[in-house]
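>>> Here's my sequence, what's the structure:
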Amino acid sequence: MPALTLDRLEKRYPGHIAAQSVSLSVHDGEFISLLGPSGCGKTTVLRMVAGLIEPTGGRILVDGRDVTALPTNKRNIGLVFQSYALFPHMSVFENVAFGLRRQGLQGSELKQRVDQALASVRLSALGDRLPRQLSGGQQQRVAVARSIAPRPSILLFDEPLSNLDASLRDEMQIELKRLQREVGITTLFVTHDQGEAMSMSDRVCVLAHGVVQQFDTPEAIYHRPATGFVASFIGRPNRLAGRVVRSPEGAAAVQLNDGPVLTATAADGMAQGTAVDVVVRQEDIRFADSAASNGPTLSGRVAMRSFVGSRVQYLLAFGSTELIAEALTNGPHAGLAVDAPVRVSVEPQHVYVTPTASQATA
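Predicted structure coming up:
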């Protein structure tokens, strides 16, 4: 039996649909991320699961029990807010104990549950401190401890890492994943950061305009995007326009507007001349060595160079068409200078092609 089931969940406002027929089945102990840009509906879905927003339609089932009409405190769900929402006048111990006291726990049982929760987030020695005496990462762990202390069936996170600096955010990704594995709690995690979603999740649900675009493993979403939106949202994309043509070998290909031709398996079956949107990820563009190449190459020049730490980012010009590509800082192509000639290639399966919006609706 799934730990959480969303059955055609919807939320409609006058003139706006925030979530449309969202259906998910989450296994017990799974870590699921709701991923998408601002306004895609991910927080709306999370808040409907939490009972903070009433759905317009559909059902929410927790462990097979329909909780759609139940208030938040009857759903056995823990929620960690973006702001942590700790009580500033209460100690760490009392913050974690708050929900347990409302359940009627007291005495030694209360202390044992709080101690267990603090130990799970490695804050056992800080129970007497106030929130203002803690770092941002420690405050977040207190919020997690408070949420898991009542032993909920499902734990919900609403963009909990967005207020942390980059290095602490990376550390907390590992901490949250470790904790989730150790506790074994089913987790629904909202984020607009694809790095967070891809690194932490068992499966990722990509949303756009309130509609599920793809619900799959991080590997499948990255390597086999189901829609043009997923292809353009995941990774570091070049977004281009073109038309379907045929390569000299007869294979499906796309010609970028006034630019080079790319072989594209995704264009198979599309009529010659079809206007298409094209996505080529920066990381899928390969610099071709002069000795050999595994396919057709494009010849151009380096228009701009940027050092970004672990990689070097290049703006490459092919006539009037420009592509952004990247090379590892310690790799053989990290030292290309501006105006240097380059040859690159892109494997056909990495050229993602969808009909343009006007073409698709014609």
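>>> The strand or helix carrying R101 - contacts with which helices or strands?
For R101, the element it lies in under DSSP states H and E is helix 92-102. Using 3 or more Cβ pairs under 8 Å, 6 or more residues apart in numbering; DSSP states H and E as the contact test, the elements touching helix 92-102 are helix 107-120, helix 136-148. Just so you know, the C-beta spots here come from the backbone N, C-alpha and C atoms, and that holds for glycine as well.
>>> for the longest one, which positions count as buried?
Right, the one you point to is helix 107-120. Using 16 or more other Cβ atoms under 10 Å as the test for burial, helix 107-120 gives 110, 113-114, 117-118, 120.
>>> Residue most distant from the centroid, this protein?
Distance from the C-alpha centroid of the chain peaks at G107, with 41.9 Å (Cα atoms, centre = their mean).
>>> Against R113, how distant is that residue?
Counting by Cβ to Cβ, to the nearest Å, the gap from G107 to R113 is 11 Å.
>>> Give the next helix or strand downstream of the host helix or strand of T187.
Using DSSP H and E, T187 sits within strand 186-191. Using DSSP H and E, the helix or strand that follows strand 186-191 in sequence is helix 194-200.
>>> got the contact list for that next one?
Residues outside helix 194-200 that contact it (Cβ atoms under 8 Å, 6 or more residues apart in numbering): 31, 33, 35, 161, 169, 173, 176-177, 189, 191, 204, 218, 221-222, 233-235.
>>> for that helix, which positions count as buried?
194, 196-198, 200.
>>> okay, those in CSV with distance to E322 and pLDDT next?
Formatted as CSV, these follow (distance: Cβ to Cβ, whole Å; pLDDT from 0 to 100):
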residue, distance to E322, pLDDT
Q194, 23, 93
E196, 29, 92
A197, 29, 95
M198, 27, 94
M200, 34, 93
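>>> Nearest to Q82 among those residues?
Comparing the buried residues of helix 194-200 against Q82 with Cβ to Cβ places E196 closest, at 13.0 Å.
>>> And the closest one, how far from T297?
Using Cβ to Cβ, we find E196 at a distance of 35 Å from T297.
>>> for P152, same thing?
Distance from P152 to T297, by Cβ to Cβ: 55 Å.
>>> how many other residues sit next to the spatially closest residue to L298 that is not a sequence neighbour?
When the adjacent residues along the chain are set aside, L298 lies closest to P260, with 4.6 Å between them (Cβ to Cβ, 6 or more residues apart in numbering). For P260, the neighbour count with other Cβ atoms under 10 Å is 20.
>>> helix or strand right after the helix or strand containing R8?
Secondary-structure element containing R8, defined by DSSP H and E: strand 4-13. Following strand 4-13 in sequence order, the next helix or strand is strand 16-26 (DSSP H and E).
>>> about what we covered before: make CSV from the helices and strands packed on helix 92-102 and add distance to G64 to it.
Output for the helices and strands packed on helix 92-102, formatted as CSV (distance: least, Cβ to Cβ, whole Å):
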stretch, distance to G64
helix 107-120, 26
helix 136-148, 22
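>>> right, and these - which one's nearest R65?
Closest to R65 of the helices and strands packed on helix 92-102 is helix 136-148 (Cβ to Cβ; 19.9 Å).
>>> what lines up beside whichever helix or strand comes after the closest one in the sheet?
Counting by DSSP H and E, the next helix or strand C-terminal to helix 136-148 is strand 154-158. Paired strands of strand 154-158, with direction, are strand 77-80 (parallel), strand 186-191 (parallel) (DSSP bridges).
>>> which outside residues touch the longest helix seen in the chain?
Using DSSP state H to define each element, the chain has its longest helix at helix 166-183. Contacts with helix 166-183, where a contact means Cβ under 8 Å, 6+ apart, come from 31, 120-121, 135-137, 140-141, 144, 148, 155, 157, 160-161, 164, 187, 196, 199-200.
>>> again, only this time at 10 Å
29-31, 80, 117, 120-122, 135-137, 140-141, 144-145, 148, 151, 155, 157, 160-165, 185-187, 189, 193, 195-196, 199-202 (Cβ atoms under 10 Å, 6 or more residues apart in numbering).
>>> filter those to the buried ones?
When the contacts of helix 166-183 are checked for burial by 16+ other Cβ under 10 Å, the buried set is 30-31, 80, 117, 120-121, 137, 140-141, 144-145, 148, 155, 157, 160-161, 164, 185-187, 189, 196, 200-201.
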